[in-house]
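Trainee: Pasted the sequence and its predicted model underneath.
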Amino acid sequence: MADYSWLPETIYDCYNSDKKRNYIWSLEKRDVQYESLHSYISPFLALAQYEEYYKSDILDMSKNKIVTIFEMVIKSYGMYSNYCSVLKDYFNYYNKDFEKVRPLFEDLDIAGNMENRYVKDYDMLLKVLNEAFPLTGGSLDEFRKLIVMLCFLGFKKTEVREMKKSDINFIYNSITHGGRTIEDIPESCMRLCEICMDMKEVYLNNTSHLPYNKRTFFPLCDNDFLIRTRFLNPTTQNYPVRVAFVDRGLASMNEVVNGDYSFETIRASGLYAWLYRKELAGDFNPNQSRRSLEKVYEQYFKIKCSGSNLSKNYALWKQIFYGN
């Protein structure tokens, strides 16, 4: 079973933290792995300031208040699904019915500041990445750039973590992983894949200002994964990078560029950019039936989604970045 004897200090920042801690500790009995706790704790951290404002635990709030809070914190359908899953479990633990106060995603107004959470196209993504991660030639920034690029191209965060070097096809500029192949990978992404595959060591960011031969280097994990990090623990040498490594990279990017990007909005941006190219070519009609839209979403993301959400969010994205 997972060891819950130590929990992140952030749990004490939650409103009504005793209730949250009791709930988190209850997950041990279900053998929820310690590495997955972030997805359970993060909703409570985001809700804390609003619970403090209302002087009420989310358990005791009305639907109207929860709608108001969700419109402030929810940024994507994926984030909505995660929050609802955690809160439903939290409510069940305290014998309350979350469905009575659960707002529908379609009814939420989350369009505000969309331009700070989505990107227009691959070129804009590169500009953001180069601003956020300026270090090259042997730093972990190369891996962080690649993670975000691959999410834009349609891969989930978990897929990127588990991607193998053998999944990259340099002859056809394609990547095969998770039972699907993405073709026509941009040349800059393929070059970065090659750089990351060939790297044996990385230098510490705080030595980047020094001449190359004066920098402090650490070896990378030597395994079959495309995304690797510094070799620190022999027992994890052959494991994918930790989720925390991936999340910290995106958090650093947001801090530098003053953005509010998530892996869900990066992936959605890639989908919308793909749809816009198809629409311009006459191969996609955004006004088609809901069922047809759902098939488009499944074709790209390999998961089910509400067609009405796709149509609504694509229209908002297009209005912001193209004015039509």
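Mentor: Cool, the structure landed.
Trainee: how about low-confidence regions in the chain?
Mentor: 1-11, 31-36, 110-113, 206, 208, 301-309, 324 (pLDDT under 70).
Trainee: so what are the domain limits for it?
Mentor: Using automatic domain parsing, the domains assigned to the chain come out as 9-110, 113-324.
Trainee: if I pick the spatially most central residue of the chain, what's in contact with it?
Mentor: The C-alpha lying nearest the average C-alpha coordinate of the chain belongs to residue 263 (C-alpha atoms, centre = their mean; 2.4 Å). Counting by C-beta atoms under 8 Å, 6 or more residues apart in numbering, residue 263 makes contact with 78, 151, 156, 157, 250. (Each C-beta comes from the backbone N, C-alpha and C, glycine too.)
Trainee: quick one: the strands in the protein?
Mentor: 168-169, 174-177, 180-182, 201-203, 217-219 (DSSP state E).
Trainee: Turn those strands into CSV, including distance to residue 86 and mean neighbour count.
Mentor: Listed next are these as CSV, based on distance: least, C-beta to C-beta, whole Å; neighbours: other C-beta atoms under 10 Å:
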stretch, distance to residue 86, mean neighbour count
strand 168-169, 35, 18
strand 174-177, 28, 18
strand 180-182, 28, 14
strand 201-203, 34, 18
strand 217-219, 36, 13
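Trainee: Residue 241 is nearest to which of those strands?
Mentor: strand 201-203 (12.6 Å; C-beta to C-beta).
Trainee: gap between residue 222 and residue 201?
Mentor: For residue 222, the distance to residue 201 equals 10 Å [C-beta to C-beta, to the nearest Å].
Trainee: before we move on, the earlier item: and which of the contacts of residue 263 is nearest residue 242?
Mentor: Of all those, residue 157 has the smallest distance to residue 242: 11.9 Å, by C-beta to C-beta.
Trainee: ok, and the closest non-adjacent residue to that closest one?
Mentor: The spatially closest residue to residue 157, leaving aside those adjacent along the chain, is residue 263, at 4.6 Å (C-beta to C-beta, 6 or more residues apart in numbering).
Trainee: Look up how far residue 147 lies from that neighbour.
Mentor: 9 Å.
Trainee: what do the two both touch?
Mentor: 157, 250.
Trainee: residues touching the closest residue to residue 245 other than its chain neighbours, list them.
Mentor: Excluding the flanking residues, the one nearest residue 245 by C-beta to C-beta, 6+ apart is residue 229, at 5.4 Å. By C-beta under 8 Å, 6+ apart, residue 229 lies in contact with 140, 143, 220, 221, 241, 242, 245.
Trainee: Give me the buried subset of those residues.
Mentor: Among these, those classed as buried by 16 or more other C-beta atoms under 10 Å are 140, 143, 220, 221, 241, 245.
Trainee: Could you report the separation of the fifth one from residue 143?
Mentor: Remark: distance between residue 241 and residue 143 (C-beta to C-beta) = 8 Å.
Trainee: Which neighbours do these two have in common?
Mentor: 227, 228, 229.
Trainee: What about the second one, how many residues nearby?
Mentor: One way to gauge burial is a neighbour count; for residue 228, by other C-beta atoms under 10 Å, it gives 23.
Trainee: That one contacts residue 219, correct?
Mentor: No: in this structure residue 228 lies outside contact range of residue 219 using C-beta atoms under 8 Å: 10.0 Å.
Trainee: how far does stretch 142-161 sit from the chain's center?
Mentor: Put simply, stretch 142-161 sits 9 Å off its chain's centre (C-alpha atoms, centre = their mean, to the nearest Å).
Trainee: Sort out which residues of that stretch are buried, please.
Mentor: For stretch 142-161, burial by neighbour count (16+ other C-beta under 10 Å) applies to 142-157, 159-161.
Trainee: send the alpha carbons of that stretch over as CSV?
Mentor: What follows is stretch 142-161, C-alpha atoms only, in CSV (Å, rounded to 0.1, in the frame of the first residue of the first chain):
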residue,chain,number,x,y,z
GLU,A,142,15.0,20.9,-24.1
PHE,A,143,12.9,18.2,-22.6
ARG,A,144,10.4,20.7,-21.2
LYS,A,145,9.9,22.3,-24.7
LEU,A,146,9.4,18.8,-26.2
ILE,A,147,6.8,17.8,-23.7
VAL,A,148,4.6,20.8,-24.5
MET,A,149,5.2,20.4,-28.2
LEU,A,150,4.0,16.8,-28.1
CYS,A,151,0.9,17.8,-26.1
PHE,A,152,0.1,20.4,-28.8
LEU,A,153,0.4,17.6,-31.4
GLY,A,154,-2.3,15.6,-29.6
PHE,A,155,-0.6,13.4,-27.1
LYS,A,156,-1.7,13.3,-23.5
LYS,A,157,0.7,14.1,-20.7
THR,A,158,0.8,10.5,-19.6
GLU,A,159,1.5,9.4,-23.1
VAL,A,160,4.4,11.9,-23.4
ARG,A,161,5.9,10.6,-20.1
